[in-house]
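Undergrad: sequence and predicted structure are below.
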Amino acid sequence: MLQNPIEHLSVEQKNSKIIVCIKQVPDTQEIKIDPETGTLIREGVPSILNPFDEYALNLAIEIRDRFRNNSEVVALSMGPSQAAEALRKCLAIGADSAILLSDRAFAGADTYATSYTLAKAIKKLGPASLILCGYEALDGNTAQVGPETARLLGLPAICYVERVEALDGGEITCKRESEEGYELLKSPVPALITCMTTSSFEPKLPGVREIMAARRKKLEVWSLEDLGGSKDEYGLRGSLTRVTKTYTPDIKRKGVRFEGKEGVKELISALRGII
Amino acid sequence: MVNVWGEYDREMSEEQKLLKESLLSWAEKNLNAERVIKMNQQGYPFPGDVIKGLADLGIIMGVVPPEHGGAGLSWRDQALIADIIGYIDPSIATAAGLMAVETGWGFTIDRYASEEVREKYVKPAIEGKKIIGIASTEPQGGSDVAGIRSTGRKEGDEWILNGEKTFISGVYECKEMGGGYWVIARTEKADKPHKELTSFFVPIDSEGLEITEAYRDAGRGSLSTAGFVMHDVRVHESYILGERGKGFYQTMEGFDNARLLIGASACGVTRRVLEEAGKYVSEREIFGHKLAQYEGISFEFADFYANLEMLKCTYQHVADMQDIRYKEEGMPVRTGRAKTYKPQEIAKWIAILKWKAPHLAKDAADRAMHWLGAAGYTDEYILETAWRGVMSYCVGAEGGENIQKIVIARESLGDVAKPY
Ligand SMILES: Cc1cc2nc3c(=O)[nH]c(=O)nc-3n(C[C@H](O)[C@H](O)[C@H](O)COP(=O)(O)OP(=O)(O)OC[C@H]3O[C@@H](n4cnc5c(N)ncnc54)[C@H](O)[C@@H]3O)c2cc1C
Ligand SMILES: Cc1cc2nc3c(=O)[nH]c(=O)nc-3n(C[C@H](O)[C@H](O)[C@H](O)COP(=O)(O)OP(=O)(O)OC[C@H]3O[C@@H](n4cnc5c(N)ncnc54)[C@H](O)[C@@H]3O)c2cc1C
């Protein structure tokens, strides 16, 4: 059951903005968790722009430049004030403006509360043609925020997109890889797509000029007041899930050796056990 | 975990951090250790794709004001870039060619150039399409700039230049890509030799300019060092840089700008050397312990690291002085005088940096090779490339060490210490 009715969050048809949801994540695969609170320990770990989000941003810029020059790419993130760094990078890469959703009340959000907050902001931003997300964040790894946000906005979602092939006549065509080969998917716009980096992707490196220009672009910070509603809708309080316990499992890798004829039999039964 | 950047990231502005990230990501793909070592061995000319890549990132002559096609960076920003460039390419070829020469001298050329020279040479060099540099040194010696023998004679609205320049960085790259040099020549009769000089911009393809054979240098092999002879080379009056008779002083300004960046780059070389050797000694076990556990090595490491941090503070201080100086003098063209710092005071600090930083890098590379033993002597590691490259800035490039000491002695001991 959804906690908050969300029907009113659908995005208007008029196309003017491409919104990219980006998350600043710790630059490490090894996530340290505070055993007391069950939340991430961020101190001392350098932060980066989630690589899939960087890809999504590059796609958005490409779409802006290729299909509709007058659309505006907006980078959107929910996070602590430090996340402004990641947004500044987005501006340097080529986003036109950026919004940071930052408020104590947003802290401790699960994927639902995160999606809810993003959806509220997207709604406030006004007419958008496309919303892009990474397919997953390096730290949380749930891959839920994209589709959840789409659901909250009442939008179609296409996940694991590698390329946008076309965007015309109110329709978007996306390409993604599946086990059988490639799939081309069409959807009416506005739509939300989550993006998967291709191996040939070379991220745009902002140079001095782009970085200086980014300084002059708009980076707004929105708080609870800007999004409206009560504290209970956001953050930990607005979350549907609770982390009750976090722990690192003891990994004991044990090598097993199967030898001789008997070994083959043992191996077969062992494999049966696994399957 | 070896940390040679210290807490530098914390000091950096958001923009500086982004720039560092871009530069290091660019280098990972385009100028990694393997390529630096290979380029050093293959020899000149310095590859055009590296020039273009760095120009696209906007770091060549970033200090040139936006009105003149640059990025309007502060010297503090540019010094940080120079540090990172030294770290990326410890052979020092990139720092020598694109930071010290193009950026330090290019900025100074831009400041004193006519519109024509700026449009035809400075702007294309910022875009990585041409090469510009300094040709001060002559066969009879480079240290005594006031004693230069090349001459300039006026005829109508042209100047006719004669003389020879030698040990000039980037001549073959310049010939290949187009561009030219800041050339100083004797043009006046005055009471002091310092007042007899004028600076010119001389295009490399000028008629009567004959390029001489390149030297086989000990290091920084990917950048050519050669020279040229001028036989009645004619340049238009508009190719004078600054004012007639002020060539010596403007040249000193150019040296200061280049020396600051080479000092910062040398810090980057030390950084890279310590990082590379630091990782090695943290892993290699001899007599049952990691090499890094022996004070014979860790204390030496600490010594270099401490000096590196001190020199980083020095170049930041010097860069800040430069920023104040140029703000007071006026940008993009000079309109006033520096008030807060005397030019000689800045020159002293720059001399301290230019003397100490390349020596620290060279000594760090030397000791690091000892720490690695035989491995350090091979091209499996970047240490010998760094060692041979940075030596160029110890022996003479942008002024030898004793010349720096002369400046420091003059400003501290007094005029009595002047040899001239
Ligand atoms: C240790 C740990 C425990 C967690 N436990 C739970 C839990 O029990 N229940 C639960 O629901 N969630 C949990 N989370 C998820 C946590 O709430 C997430 O950090 C957050 O909600 C986003 O989810 P995600 O990181 O998995 O993003 P994903 O869904 O993997 O991200 C997909 C995309 O959504 C966008 N996106 C994600 N977050 C943001 C953001 N803040 N701002 C803008 N765009 C964004 C990006 O485009 C991203 O690429 C946990 C996370 C961690 C690290
Ligand atoms: C790789 C490389 C690249 C170079 N690139 C350029 C370039 O692009 N453009 C350019 O113009 N020049 C360039 N130079 C030349 C450089 O500027 C000169 O080497 C430097 O000015 C010294 O001149 P010199 O080599 O002729 O030495 P000299 O002037 O002959 O001096 C020899 C030695 O005596 C020392 N010395 C001089 N006077 C005194 C004194 N009074 N007391 C004590 N010691 C003294 C010097 O420090 C030096 O060690 C380059 C040099 C090198 C090595």
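TA: Yep, it's here. Ligands and ions are numbered 1, 2, ... in the order given.
Undergrad: near residue A:218, how many residues? Count them for me, please.
TA: By other Cβ atoms under 10 Å in any protein chain shown, 10 other residues sit near residue A:218. In this view, the C-beta of every residue, glycine as well, is placed from N, C-alpha and C.
Undergrad: list the contacts of it.
TA: By Cβ atoms under 8 Å, 6 or more residues apart in numbering or on different chains, residue A:218 lies in contact with A:97-98.
Undergrad: what bridges to it?
TA: Under the criterion DSSP bridges, residue A:218 forms beta bridges with residue A:97.
Undergrad: can you list the weak-confidence ranges in chain A?
TA: Across chain A, the ranges flagged by pLDDT under 70 are A:1-15, A:28-32, A:37-40, A:42, A:68-69, A:248-254, A:275.
Undergrad: and residue B:339, that one's in a helix?
TA: No. Counting by DSSP: H, G, I helix; E, B strand; the rest coil, residue B:339 is not part of a helix but coil.
Undergrad: who's in contact with the residue in the stretch 151-275 of chain A positioned nearest to chain B?
TA: Going by Cβ to the nearest Cβ, chain B is nearest to residue A:208 of the stretch 151-275 of chain A, at 3.2 Å. Contact analysis of residue A:208 by Cβ under 8 Å, 6+ apart lists B:19, B:57-59, B:62, B:71, B:73, B:77.
Undergrad: one more time with 6 Å
TA: Applying Cβ atoms under 6 Å, 6 or more residues apart in numbering or on different chains, we find residue A:208 in contact with B:58-59, B:62, B:71.
Undergrad: so what's residue B:411 closest to, chain neighbours aside?
TA: residue B:348 (4.0 Å; Cβ to Cβ, 6 or more residues apart in numbering or on different chains).
Undergrad: list phi and psi for that neighbour.
TA: When read as degrees, to the nearest 10, the backbone of residue B:348 gives phi -60, psi -50.
Undergrad: measure it to ligand 2 for me?
TA: Residue B:348 sits 17 Å away from ligand 2, going by Cβ to the nearest ligand atom, to the nearest Å.
Undergrad: for residue B:324, see how far away that residue is.
TA: Separation of residue B:348 from residue B:324 (Cβ to Cβ, to the nearest Å) stands at 15 Å.
Undergrad: who has more neighbours, the two?
TA: Comparing residue B:348 with residue B:324 by neighbour count (other Cβ under 10 Å), the higher total belongs to residue B:348, at 20 against 16.
Undergrad: pick out the residue of chain B closest to ligand 1.
TA: The nearest approach of chain B to ligand 1 comes at residue B:14, 18.7 Å away (Cβ to the nearest ligand atom).
Undergrad: longest helix anywhere in chain B?
TA: Counting residues, the longest helix in chain B under DSSP state H turns out to be helix B:247-283.
Undergrad: do it and ligand 2 meet at all?
TA: No. Using Cβ under 6 Å from any ligand atom, helix B:247-283 stays clear of ligand 2, coming no nearer than 8.7 Å.
Undergrad: that helix: which residues count as buried?
TA: Using 16 or more other Cβ atoms under 10 Å in any protein chain shown as the test for burial, helix B:247-283 gives B:247-248, B:250-278, B:280-281.
Undergrad: counting neighbours, what do you get for residue B:60?
TA: For residue B:60, the neighbour count with other Cβ under 10 Å is 25.
Undergrad: is it in a helix, a strand, or coil?
TA: State at residue B:60, reduced to three classes by three-state DSSP: coil.
Undergrad: and the gap between it and residue B:204?
TA: The spacing between residue B:60 and residue B:204, counted by Cβ to Cβ, is 18 Å.
Undergrad: check residue B:107 too.
TA: 20 Å.
Undergrad: circling back to that earlier point, please tabulate the contacts of residue A:208 in TSV, including the columns neighbour count and distance to chain A.
TA: Below are the contacts of residue A:208 laid out as TSV (neighbours: other Cβ atoms under 10 Å in any protein chain shown; distance: Cβ to the nearest Cβ, whole Å):
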residue	neighbour count	distance to chain A
B:58	23	3
B:59	28	6
B:62	24	5
B:71	24	4
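Undergrad: biggest separation within these, which pair?
TA: Farthest apart among the contacts of residue A:208 by Cβ to Cβ are B:59 and B:71. That separation is 8.1 Å.
Undergrad: residue of the stretch 101-250 of chain A closest to ligand 1, please.
TA: Nearest residue of the stretch 101-250 of chain A to ligand 1: residue A:140, at 1.9 Å (Cβ to the nearest ligand atom).
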